[in-house]
Structures are given as C-alpha cells and as structure tokens.
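K.L.:
Build me a structure from this.
(one chain, ligands or ions: 1)
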Amino acid sequence: MGVLKGEDEVVELCRDLIRIDSTNAGDNAGPGERAAAEYVAGKLAEVGLEPRILESDARRANVVARIEGTDPGRDALLVHGHLDVVPFNAADWTHHPLAGEVADGCVWGRGAVDMKDMDAMVLAVVRQRLREGRRPARDVVLVFTADEEAGGTYGAQYLTEKHPDVFEGCTEAIGEVGGFSVSIDEARRLYLIEAAEKGIAWMKLTATGRAGHGSMLNSDNAVTELAEAVGRLGRHEWPVRLTPTVRLFLEEASAALNVEFDAGDAEATVAKLGPLARMIGAVLRNTANPTMLSSGYKANVIPQTATAHVDGRFLPGYEEEFFATVDELLGPQVTREFVYHDIAVETSFDGPLVAAMAASLSAEDPGARAVPYTLSGGTDLKAFSRLGIRGFGFAPLRLPADLDFSGMFHGVDERVPVDSLKFGVRVLDRFLDLA
Ligand SMILES: [Zn+2]
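P.N.:
Numbers count the residues shown, from 1 in each chain. Model prediction:
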C-alpha cells in the first residue's frame, strides 16, 4: 500500500459533497451551505490547515484557509469554488440528484459539474500535497463560497466586503467554468480556459401613461408604449464586437479545425465551428432579451403603468455602448431600473500563470491546446476582480468527445466522468508546482 493519493479519494470527496444538500433557490430559505462548509473545513483541518468558517447569515457559510508557500516573496494565488447548487426536480433524474451515485463511469448528482467536482478536486490535491509535505511556492488562499448561484450576496460579495484580509496578497485566481476539453479529433483537444465574462444587466422597464376607460380614445396608453419599446429592444440586431478574448478564441479554434478565420465576418466563421458555435454565439455581441411582462387588471380599463423585465448582457468594454443603445431603443416614455447589475471582466491570456495552466494540461494530455474563451454568464470572479485580482476559469477536466458538457450546467442528469475527476487532480497538482 502506498500513500493515499488525491486521485484515490477525489471520487469519494465529490460523492460526499453531492450528498450534502446545499441547494440555493435564491430566497435564503434553503438548507444553506453550513453542512458542506463543515465537511470541507474538516477535510482541510485533517491535513494541518486552520480553516475558518465565515457565516454571512444563519447557515450561509463560507470556508477560507491559507496554505503558506515556500517563497514568501511571491504574490498569493486564490483558488475558489462555490458550495451551493441550483435546485432540481428529482423525478426527472435517472439517479437521485442527492445520492452521489457512481454509474456508467460517472459520478451523478446536482453539483457534479457545477461545481462540487472542482471543490473535490481542490480538496484532494491539497490534502495529498500536505500529507506529502509539498507546499506550493506561493501562498494559496482557498475560498469555498456560499450563494454563488444567487449572485453571491452571502458569499463572494460578503467575503470581499467584510473580510478583505482573507485575500491579502492575492493577485491571481482560478475558479469555475473553464479548463474542460472540447474534442477536435481523436488526438487533439481544445481546453477552454475562461478569461472573460460578460456583464449582467437585469432591468425592470416601466411605461407610465394616462389611465382611463377602454372604450375611450387614448393616445397615451402605457401598455402600447411599453409593448412597442419591448418589441424594439427584443428585435434589435446587436452588432458583432470582437473582444480580444473572443478574437483569440476564434483564431485558435479556426486553426485547430482548419477553418478560415474572417475577422470581418465572425458569424460566418463561428457557423463553421460545429458544436463550438453554440458556446461562442452569445459572446459575439451584447444581448437584451425581454423575459417578463406585466400590466393591467381588467379588459376595459387602461392601466396607468406597464412593466417588463429584460435580461441584458454586455461584453467587456461595451457596457457604455450597451446602455446608450438600450436607452435609444426604449425612448423617452419608458424608464429603466436595475434588478441586478454586475460588471464584465476580462484579462489577457498571457503570463506565467497561463503558461502554467497550459503546461500542466499538456503534461497530462499531449493533445491539449489551451485557449481562452468568454463566458456569457457570471461567476464569483466578478466580486474577486474588484479587489484587483485577475482570474481564470480553470477546473481541468478531460471529457469524452460525446459528452454534452455545457448542457450539464443546471441540467438534468448532471454527471462527471470518474476519469475526468482523476485527470483534474493530476493537472491541478502539476499546476500548483508551476504556478
Ligand atoms: Zn457554478
């Protein structure tokens, strides 16, 4: 019997975490992350760390710990993962989402890819390294957050605002939604590393007019005004805007697939990228999708106001253009307010940390090519970036070519291959040597 390796326990760690219910419906009324946090803290304490559990509200728990590096002159690296998961309808699933079953070579359950897989990989790697006395060169700050799935009020935002000391010295970070493979052919795989995220603008629109009897003439009808504004916004064709990250992704993906990259017609290039097209389509431009409409209370009463909600997403560098366009489309009769608003982030795909990610992937998969991409959604990285930390999505997984990975996020039958988890542990271990 050799020493217990991270690869040997990552599956059990992942199953244990899945079995702990930490669903987050966004109402602060669920089970919270406390039980998951206590589990994580226990696993870290077992190998000599001194984790702290920081609760932002009853049972809304975060875990933080610092591994002292061997080189005190280096900046610290933040490694973060969230402990909460989105809700599920168990009846739709092949295996119960809280059972953590292993079947067909995969660990099944809510959080298997978002993101108890990465939490387990980080725990497995850290535990192995500390058992073996292999400290990284830089300080590594481990942060397991609450509430990522509902905007981070009780998690990343709380930590950065109330406990900024946790992040002392951190200049770079790795976290979720990146580092997974997309197969080009048998021998080659692109590993998509998140280097940018779109910003978020959930807006409530309100049109105010003149109330009155439905049988009368009314040139100031709030429903008409709002409906026209929503129509203009929803049908608007947003121009293609190639950000540095998207451009680099298109260049790399085109080269790998032997497709000609035409910067003047990015959409034509994207259309030739096969399955990658779905991932990249939403990051070529800003978007604004109407999602809710509400007005009136009786068929013959013209109401004074009408409201709508819109899910807006803007590219890094194009927030100003986004709001200027939205206001122009809405016109003077419709006002907007934020339901939720958060920044876009983008960092350049270069430097020693990027080299460390690429090298650690290539060492475990000779057919690997690391490429940067832009996430159309948002993660805790937005909060951490406010502290001046540049971050990447790097939760390395080598995936089977036929697995619909992006469909797993918040999906039914969420699962992660056992081999992918073990691969991720080996890559993260190498990464911590190189980072
Ligand atoms: Zn997530």
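K.L.:
Please count neighbours and contacts with C-alpha atoms only from this point.
P.N.:
OK.
K.L.:
quick one, helices of the protein?
P.N.:
For the chain, helices defined by DSSP state H occupy the ranges 6-19, 34-45, 116-131, 156-162, 222-235, 244-257, 266-271, 276-280, 319-330, 352-364, 381-385, 418-434.
K.L.:
Just give the number of residues close to residue 27.
P.N.:
7 (other CA atoms under 10 Å).
K.L.:
so how far is residue 147 from it?
P.N.:
10 Å (CA to CA, to the nearest Å).
K.L.:
before we move on, back to that, right, and the helices of the chain - which one's nearest residue 67?
P.N.:
helix 116-131 (8.9 Å; CA to CA).
K.L.:
what helices or strands is that closest one leaning on?
P.N.:
With contacts taken as 3 or more CA pairs under 8 Å, 6 or more residues apart in numbering; DSSP states H and E, helix 116-131 sits against helix 6-19, helix 34-45, strand 76-82, helix 418-434.
K.L.:
Tabulate those in TSV, adding columns for mean pLDDT and mean neighbour count.
P.N.:
Output for the helices and strands packed on helix 116-131, formatted as TSV (pLDDT from 0 to 100; neighbours: other CA atoms under 10 Å):
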stretch	mean pLDDT	mean neighbour count
helix 6-19	97	22
helix 34-45	98	20
strand 76-82	98	26
helix 418-434	98	22
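K.L.:
Would you format those as JSON lines with distance to residue 202 included?
P.N.:
Formatted as JSON lines, the helices and strands packed on helix 116-131 follow (distance: least, CA to CA, whole Å):
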{"stretch": "helix 6-19", "distance to residue 202": "30"}
{"stretch": "helix 34-45", "distance to residue 202": "29"}
{"stretch": "strand 76-82", "distance to residue 202": "22"}
{"stretch": "helix 418-434", "distance to residue 202": "35"}
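K.L.:
looking at this protein, which helix or strand does the model trust least?
P.N.:
helix 276-280 (a mean of 79; mean pLDDT, DSSP states H and E).
K.L.:
so what's the closest residue to residue 306 other than its chain neighbours up against?
P.N.:
Using CA to CA, 6 or more residues apart in numbering and skipping residues adjacent in sequence, the residue nearest residue 306 is residue 295, 4.6 Å away. Contact analysis of residue 295 by CA atoms under 8 Å, 6 or more residues apart in numbering lists 223, 303, 305-307.
K.L.:
Among the residues you listed, which ones are in strands?
P.N.:
305-307 (DSSP state E).
K.L.:
which among those gets closest to residue 8?
P.N.:
Nearest to residue 8 among these, with distances taken as CA to CA, is residue 307, at 54.5 Å.
K.L.:
Quick check: that closest one vs residue 225, distance?
P.N.:
Counting by CA to CA, the gap from residue 307 to residue 225 is 10 Å.
K.L.:
Show the low-confidence segments of the stretch 301-435 of the chain, by residue range.
P.N.:
Along the stretch 301-435 of the chain, the model assigns pLDDT under 70 to no residue.
K.L.:
Name the residue closest to the centre of the chain, please.
P.N.:
residue 379 (3.9 Å; CA atoms, centre = their mean).
K.L.:
pLDDT below threshold where in the stretch 51-200 of the chain?
P.N.:
Checking the stretch 51-200 of the chain against pLDDT under 70 turns up nothing.
K.L.:
From what I see, residue 387 and residue 160 are in contact.
P.N.:
Yes - judged on CA atoms under 8 Å, residue 387 makes contact with residue 160 at a distance of 7.5 Å.
K.L.:
Which positions within stretch 259-266 qualify as buried?
P.N.:
259, 261, 266 (16 or more other CA atoms under 10 Å).
K.L.:
In contact with the second one: list those residues for me.
P.N.:
Contact analysis of residue 261 by CA under 8 Å, 6+ apart lists 250-251, 254-255, 269.
K.L.:
Show the buried residues in those.
P.N.:
Burial of the contacts of residue 261 was assessed by neighbour count (16+ other CA under 10 Å); the buried members are 250-251, 254, 269.
K.L.:
Need the max-distance pair from these.
P.N.:
Across the buried ones among the contacts of residue 261 (CA to CA), the longest gap, 9.6 Å, separates 251 and 269.
K.L.:
Show me what the nearest residue to residue 294 once chain neighbours are set aside bridges to in the sheet.
P.N.:
Nearest non-adjacent residue to residue 294, counting by CA to CA, 6+ apart: residue 307, 5.3 Å away. Beta-bridge partners for residue 307, by DSSP bridges, are residue 206, residue 294.
K.L.:
Residue 224 is in contact with residue 307, correct?
P.N.:
No - the criterion here is CA under 8 Å, and residue 307 misses it with residue 224 at 11.2 Å.
K.L.:
And these two? Which one has more around it.
P.N.:
Counted by other CA under 10 Å, residue 307 and residue 224 do not tie: residue 307 has more neighbours, with 22 against 14.
K.L.:
Okay, the more buried one and residue 218: tell me how far apart.
P.N.:
Separation of residue 307 from residue 218 (CA to CA): 18 Å.
K.L.:
Neighbours of the closest residue in space to the residue nearest to the centre of the chain that isn't next to it in sequence, how many?
P.N.:
Leaving aside its chain neighbours, residue 379 sits nearest to residue 148 (6.8 Å; criterion: CA to CA, 6+ apart). A count of nearby residues for residue 148, using other CA under 10 Å, gives 24.
K.L.:
so what's residue 148 up against?
P.N.:
Here residue 148 is in contact with 82-84, 155-156, 379-380 (CA under 8 Å, 6+ apart).
K.L.:
measure residue 286 to residue 324 for me?
P.N.:
12 Å.
K.L.:
Compare the two (neighbour count), which wins?
P.N.:
residue 286 (23 against 10).
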